[in-house]
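**Q** Sequence and predicted structure below; questions after.
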Amino acid sequence: MGCDMQVFCEGFIDEGLGKNWINIDHWFRSDDFSEISLDGSSSSSGFNYKDINQGRRNYHLFYLLAGVRGWDEYNSYLPISKPKGIPRDMDPFIKSYYEKFWEIDFSKDTSDCHDASYLTLKEIKDSGYADPMLTKGWVTEEGFEEKLEGMRSGKYIFVNFVDIKEPVERRENRVYREWTEVYNNYLIDLINIMEKYKKEWQIISDEDIRIVFWFDN
């Protein structure tokens with residue numbers, strides 16, 4: 001069964017009544033007279049829609065963000081954080097919207113939605129996964145040649161590799177290689193979009209912008 005990530009970006013912003021976490025990408029307030037309310041009634045006036053994840057289903061990214069679609073005992077490159085749950089201070093409109101749309105009860109683990117969490121831009125950067133790093137594993141010769149060609153031309157190509165912690169039998173017909181580059185390029189895309197929002201909303205600190213996310217099967 002496939003797994004998707006529901007993700008949106010929040011900024012810790014002062015709207016005149018003190019600082020609060022408000023959503024700034026999925027459904028964000030684009031004027032002072034938005035016609036949307038917490039009971040779910042709305043019109044399009046005052047809101048724009050964006051998707052920070054761009055509809056991607058990348059299981060290597062899912063594992064880095066929350067340990068989803070992966071096992072720690074078989075991975076040398078561990079998640080940035082284990083799932084922390086939905087933050088209590090998240091944007092109330094977004095929480096209300098998704099509870100109704102997905103029929104989620106965040107107090108129970110009975111729905112297809114799972115592994116809710118949140119990460120600040122600082123946490124993502126501090127993980128080191130956005131920086132070039134030594135990666136090592138067992139790859140097919142053809143796949144590695146394609147990756148090397150991509151690296152020479154400045155194009156990111158992910159090579160499917162067997163981690164050195166995985167069972168030996170998975171190395172069949174593969175060769176051991178080491179290379180240095182960003183571990184997951186989608187994480188770079190995520191950071192770049194958050195940086196863009198940070199500038200647009202005049203957010204100073206990397207701790208004042210975060211993604212809130214969960215997964216559904």
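**A** Received it, and whenever you're ready, just let me know what you need.
**Q** Helices along this protein, start to end?
**A** For the chain, the helices defined by DSSP state H occupy 59-66, 92-101, 121-126, 141-152, 185-200.
**Q** Buried ones in the longest one, by neighbour count?
**A** By neighbour count on 16 or more other Cβ atoms under 10 Å, the buried set for helix 185-200 is 185-187, 189-191, 193-194, 197-198. C-betas here are computed from N, CA, C, even on glycine.
**Q** That one - contacts with which helices or strands?
**A** Using 3 or more Cβ pairs under 8 Å, 6 or more residues apart in numbering; DSSP states H and E, the elements in contact with helix 185-200 are strand 4-14, helix 59-66, helix 121-126, strand 209-216.
**Q** Burial check on Glu207, number of neighbours?
**A** For Glu207, the neighbour count with other Cβ atoms under 10 Å is 12.
**Q** dump the residue contacts of it.
**A** Residues in contact with Glu207, defined by Cβ atoms under 8 Å, 6 or more residues apart in numbering, are 12, 120-122.
**Q** Whichever of those end up buried, select them in ChimeraX.
**A** A single ChimeraX command selects the buried members of those (16+ other Cβ under 10 Å):
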select :12,120,121
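**Q** one step back: quick one: which of the helices of the chain is nearest Pro167?
**A** helix 59-66 (17.8 Å; Cβ to Cβ).
**Q** quick check: mean pLDDT across that closest one?
**A** Mean pLDDT, helix 59-66: 87.
**Q** Reformat the contacts of Glu207 as a markdown table; add pLDDT and distance to Asp163.
**A** Listed next are those as a markdown table, based on pLDDT from 0 to 100; distance: Cβ to Cβ, whole Å:
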| residue | pLDDT | distance to Asp163 |
| --- | --- | --- |
| Phe12 | 96 | 36 |
| Thr120 | 98 | 27 |
| Leu121 | 97 | 27 |
| Lys122 | 98 | 27 |
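**Q** ok, so of the contacts of Glu207, who is nearest Lys95?
**A** Nearest to Lys95 among these, counting by Cβ to Cβ, is Phe12 at 16.0 Å.
**Q** From Ile193, how far off is that closest one?
**A** Look at Phe12 and Ile193: by Cβ to Cβ, to the nearest Å, they are 17 Å apart.
**Q** cool, and His114?
**A** From His114 across to Ile193, the span is 24 Å (Cβ to Cβ).
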